[in-house]
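Trainee: Kindly generate the corresponding structure for this input.
(chains A, B, C and D)
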Protein chains: 2
Amino acid sequence: MLNDRKKKILQAVIDEYINSAEPVSSGTLVEKYGLNYSSATVRNELAELEKSGYLDKTHTSSGRIPSEKGYRFYVDELINEEDISLEEIKYIQSKLDEKVNEIEDLTKIATSTLSEVTHYTTVAIGPKTAMQIIEEIKFVLLGRRMLMVVIVTDTGLVKETIIKYDEDITLNQVETLNNLFNTKLKGKSLSKIDKPMEEYILAEISYSIEVIKPIIEQINKIVEQEEKIYLEGTKKSFDLPEFKSMEVAKNFINLLDTKELMLDMLNSGVAKDINVYIGDENDNENLKDFSIVTFKHTVGDKDLGTIGIIGPKRMDYSKVISVMKYISNKLNKDKE
Amino acid sequence: MLNDRKKKILQAVIDEYINSAEPVSSGTLVEKYGLNYSSATVRNELAELEKSGYLDKTHTSSGRIPSEKGYRFYVDELINEEDISLEEIKYIQSKLDEKVNEIEDLTKIATSTLSEVTHYTTVAIGPKTAMQIIEEIKFVLLGRRMLMVVIVTDTGLVKETIIKYDEDITLNQVETLNNLFNTKLKGKSLSKIDKPMEEYILAEISYSIEVIKPIIEQINKIVEQEEKIYLEGTKKSFDLPEFKSMEVAKNFINLLDTKELMLDMLNSGVAKDINVYIGDENDNENLKDFSIVTFKHTVGDKDLGTIGIIGPKRMDYSKVISVMKYISNKLNKDKE
DNA sequence: AGTTAGCAGTCGAAAGACTAAAGTGCTAAT
DNA sequence: ATTAGCACTTTAGTCTTTCGACTGCTAACT
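Mentor: Next comes the predicted model:
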């Protein structure tokens, strides 16, 4: 579709624009990118690339900037997917090798490492609570009137909640609860703790409804709990030239400050390797000036959450995608 | 020190500036604030207030803006501490009456409510982990090789951690651990789990060091864990006119994005009712254009964390302080 | 046919000039 | 002690001009 010279020129334009954030002129391309043609020839090619929609101009006599179609082509066809240095690899390794006891911590570390290496803002959410399988559910008496419920799921997530009663709870009761809930719920997904289940348990139980009711309530609260969002490196974005525009900066803050938008953003990814959404490809109006790159953090087929990068459309896709691939693989391999 | 008329005029200037964010002219004061003097008289007074350092000018022929000394005087002497409407009281009540099981949730709710009512950005941290008294420490076997440690402190904080072993743990061992740790640590502060204590426990214990070592390690990790920061209403600040200045906006983001700065900020408060720091009164360079207002969330003499508001120096101190006082009292009273 | 030198034409960003509006400070009168 | 009145200062906005950076096109070149 595009001949080799056009591809080369398009790539040069985008590479240059990613670096400079300024419209790219034919002269610059010839000087910096070792093209064996005169600027006039390059100009002709640029004009055609613009006609095909890969490039834009800010005004009639300006240099070219990539269009979203241009970025898309660049991401799909032109980038070098191994744009990652030895130092970066070493740094990432040292970070990810840190011992962690909970995947939550691993997500946190991966998110901050990703931000440090790419210099962009990163976000993450943990696995969807409701989808997880209950591996163990345990009742523990803390005081005489304080009962703790601990739920451990297949992804290693630990959720705990405390219920305070007005009367003493006996060890016997705790025993019964442990048996009942474990036989009924182990192996089921958290979302299964619904009305029918509640009624079943209430019918089954020999003693006071007063004890069970708050337990079910609390467990449901846990399940419905909004996912936690990890955010890293916000301030880095503010040094980018695009943030000189107040409108862009506001959109960005608005996005990061609104949980629903963040969740939308992170959940929009398909279950494929790495997702790239450029500008208007995002459903979200607030994201029209940004690109996001996300990946699902998985081990086997278990979803352990989603990690994403938000940057300007002019983000360094090569680096971002390379680093992400590397981290993604490493997370997957190490935990196997 | 300042006669009544000067006070009245100073107050009018600051009230007006808080509203308009524009330098205040003598004419505006006469028109809007029902002063029974001509603008010329007011001008004379303004000139003297400026000479005494309570007011500033942006240029020779501009209106006046409050200086930090002016704000300080305003906060100390001039504000109305009951600047809170019935609707606001009702709203706050409805929010704070929500049932919560952990004080962490209460802090979260208080923080977001404060932001909603004042329209400023709010932040909070929980109680200092290391200072808390261990009320209960419990070991629970989750799988055969997964041991959970739960620590409940006097402030109601629940910290839990999981340790994975390579060998099975027996119920007997769990029993021993429960006894040992409870007799040794109950009633002590979390910071007491230090080297000597570690050695003592290691000496005391009859079986493998392999079991104890990771427990102590993990508990120490918990204790040293950075406090969690709750942040609410960032985007609201970006609508303020002072955020048109990129420098101000950057300082703000830089502050919110740096955990250490946030902790400094919240921890700088003296243990008095409500602390107000105006502009350069903050030690922190990033805060020079902002004011912060904080209070310690306490019940009795237990420190349950600190909640703060960050806004422009021109913040609505009357409202902020009134609302904060109300929330602070309510938190204290309800939990008694 | 593909490439290129050369040049006219376009546009934006920066600098300067001008004006109108908003406010102060001071003087002299009340 | 207060105030009317006016000269003076400064900003913000608008317009104009200039300068430099590019492009697009034409005609010549290989």
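
Trainee: Touching, residue A:185 and residue A:191? I think so.
Mentor: No: counting by C-beta atoms under 8 Å, residue A:185 stays clear of residue A:191, with 11.3 Å between them. Glycine gets a C-beta too; all of them are placed from N, C-alpha and C.

Trainee: Show me which of those two is the more surrounded one.
Mentor: A direct count of neighbours by other C-beta atoms under 10 Å in any protein chain shown for residue A:185 and residue A:191 places residue A:185 higher, at 20 against 13.

Trainee: To which secondary structure element type does the nearest residue to the more buried one once chain neighbours are set aside belong?
Mentor: Distance criterion C-beta to C-beta, 6 or more residues apart in numbering or on different chains; nearest residue to residue A:185, sequence neighbours excluded, is residue A:134 at 5.1 Å. Following DSSP: H, G, I helix; E, B strand; the rest coil, residue A:134 is assigned to strand.

Trainee: can you check residue A:226 too?
Mentor: Applying three-state DSSP: residue A:226 is coil.

Trainee: in chain A, which spans are strands?
Mentor: Remark: strands assigned in chain A by DSSP state E are A:55-57, A:64-66, A:121-125, A:134-141, A:146-153, A:158-164, A:229-232, A:274-278, A:290-299, A:302-312.

Trainee: related to what we said a few turns ago, what's around the residue nearest to residue A:185, how many residues?
Mentor: Neighbours around residue A:134, by other C-beta under 10 Å: 22.

Trainee: Just confirm it contacts residue A:183, I think it does.
Mentor: No: assessed by C-beta under 8 Å, residue A:134 is found out of contact with residue A:183, at 11.6 Å.

Trainee: and stretch A:250-266, how far out from the chain's middle?
Mentor: 12 Å (C-alpha atoms, centre = their mean, to the nearest Å).

Trainee: could you give the mean pLDDT of it?
Mentor: Averaged across stretch A:250-266, pLDDT comes to 94.

Trainee: Also stretch A:44-58?
Mentor: 97.

Trainee: got it, and stretch A:191-198?
Mentor: Per-residue pLDDT values over stretch A:191-198 give a mean of 72.

Trainee: Which residues does that stretch contact?
Mentor: Contacts of stretch A:191-198 with the rest of the structure, by C-beta atoms under 8 Å, 6 or more residues apart in numbering or on different chains, involve A:130, A:131, A:184, A:185, A:216, A:219, A:220, A:223.

Trainee: what about residue A:216, how many neighbours?
Mentor: 18.

Trainee: That should have said residue A:79, apologies.
Mentor: Counted with other C-beta under 10 Å, residue A:79 comes out at 20.

Trainee: From chain B, how far off is it?
Mentor: Distance from residue A:79 to chain B, counting by C-beta to the nearest C-beta, to the nearest Å: 29 Å.

Trainee: who's in contact with that residue?
Mentor: For residue A:79, the contacting residues are A:317, A:318, A:321, by C-beta under 8 Å, 6+ apart.

Trainee: and what of residue A:27?
Mentor: So residue A:27 contacts residue A:39 (C-beta under 8 Å, 6+ apart).

Trainee: quick one on the thing from earlier: so which of the contacts of stretch A:191-198 comes closest to residue A:33?
Mentor: residue A:131 (48.3 Å; C-beta to C-beta).

Trainee: Across the sheet, point out what pairs with the closest residue to that closest one other than its chain neighbours.
Mentor: Leaving aside its chain neighbours, residue A:131 sits nearest to residue A:189 (6.1 Å; criterion: C-beta to C-beta, 6+ apart). Under DSSP bridges, the beta-bridge partners of residue A:189 are residue A:133.

Trainee: before we move on, the earlier item: of the contacts of stretch A:191-198, grab the buried ones for ChimeraX.
Mentor: Selection of the buried residues among the contacts of stretch A:191-198 in ChimeraX, burial being defined by 16 or more other C-beta atoms under 10 Å in any protein chain shown:
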select /A:184,185,216,219,223
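
Trainee: What residues does chain A have near chain B?
Mentor: By C-beta under 8 Å from any C-beta of the partner chain, the residues of chain A that approach chain B are A:101-102, A:136, A:138, A:140, A:142-143, A:146, A:148, A:150, A:152, A:158, A:160-164, A:218, A:233-235, A:238, A:244, A:246, A:249-250, A:253-254, A:256-258.

Trainee: Just the buried ones out of these, please.
Mentor: A:101-102, A:136, A:138, A:140, A:142, A:146, A:148, A:150, A:152, A:158, A:160-163, A:218, A:233-235, A:238, A:249-250, A:253-254, A:256-258.

Trainee: got any ranges where the stretch 51-200 of chain A has weak pLDDT?
Mentor: The stretch 51-200 of chain A contains residues with pLDDT under 70 at A:195.

Trainee: ugh, typo on my part, it should be the stretch 201-336 of chain A
Mentor: Short version for the stretch 201-336 of chain A, where the test is pLDDT under 70: A:205-208, A:334-336.

Trainee: can you map out the helices along it?
Mentor: A:209-224, A:234-237, A:246-257, A:259-267, A:317-334 (DSSP state H, counting those that start in this stretch).

Trainee: JSON lines for those, including distance to residue A:108?
Mentor: Below are those laid out as JSON lines (distance: least, C-beta to C-beta, whole Å):
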{"stretch": "helix A:209-224", "distance to residue A:108": "20"}
{"stretch": "helix A:234-237", "distance to residue A:108": "15"}
{"stretch": "helix A:246-257", "distance to residue A:108": "17"}
{"stretch": "helix A:259-267", "distance to residue A:108": "15"}
{"stretch": "helix A:317-334", "distance to residue A:108": "12"}
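
Trainee: what's the neighbour count on residue A:295?
Mentor: 21.

Trainee: Which strand residues bridge it?
Mentor: Beta-bridge partners, per DSSP bridges, of residue A:295: residue A:274, residue A:307.

Trainee: Can you tell me which of the strands of chain A is nearest to residue B:296?
Mentor: Checking the strands of chain A against residue B:296 by C-beta to C-beta gives strand A:158-164 as the closest, at 23.9 Å.

Trainee: Can you give the contact residues for the closest one?
Mentor: Taking C-beta under 8 Å, 6+ apart as the rule, strand A:158-164 contacts A:102, A:129, A:142, A:145-153, A:214-215, A:218-219, A:221-222, B:101-102, B:148, B:150, B:158, B:160, B:162.

Trainee: Quick check: residues of the stretch 201-336 of chain A near DNA strand D?
Mentor: Residues of the stretch 201-336 of chain A lying near DNA strand D by C-beta under 7 Å from any atom of the strand: none.

Trainee: Tell me which residue of the stretch 201-336 of chain A lies closest to DNA strand D.
Mentor: residue A:246 (15.0 Å; C-beta to the nearest atom of the strand).

Trainee: Go ahead and confirm that residue touches residue B:245.
Mentor: No: in this structure, residue A:246 is not within contact of residue B:245 by C-beta under 8 Å, at 9.9 Å.

Trainee: so what's the closest residue in space to residue A:74 that isn't next to it in sequence up against?
Mentor: Distances taken as C-beta to C-beta, 6+ apart put residue A:14 closest to residue A:74, at 4.9 Å, once the chain neighbours are dropped. By C-beta under 8 Å, 6+ apart, residue A:14 lies in contact with A:66, A:70, A:71, A:74, A:78.
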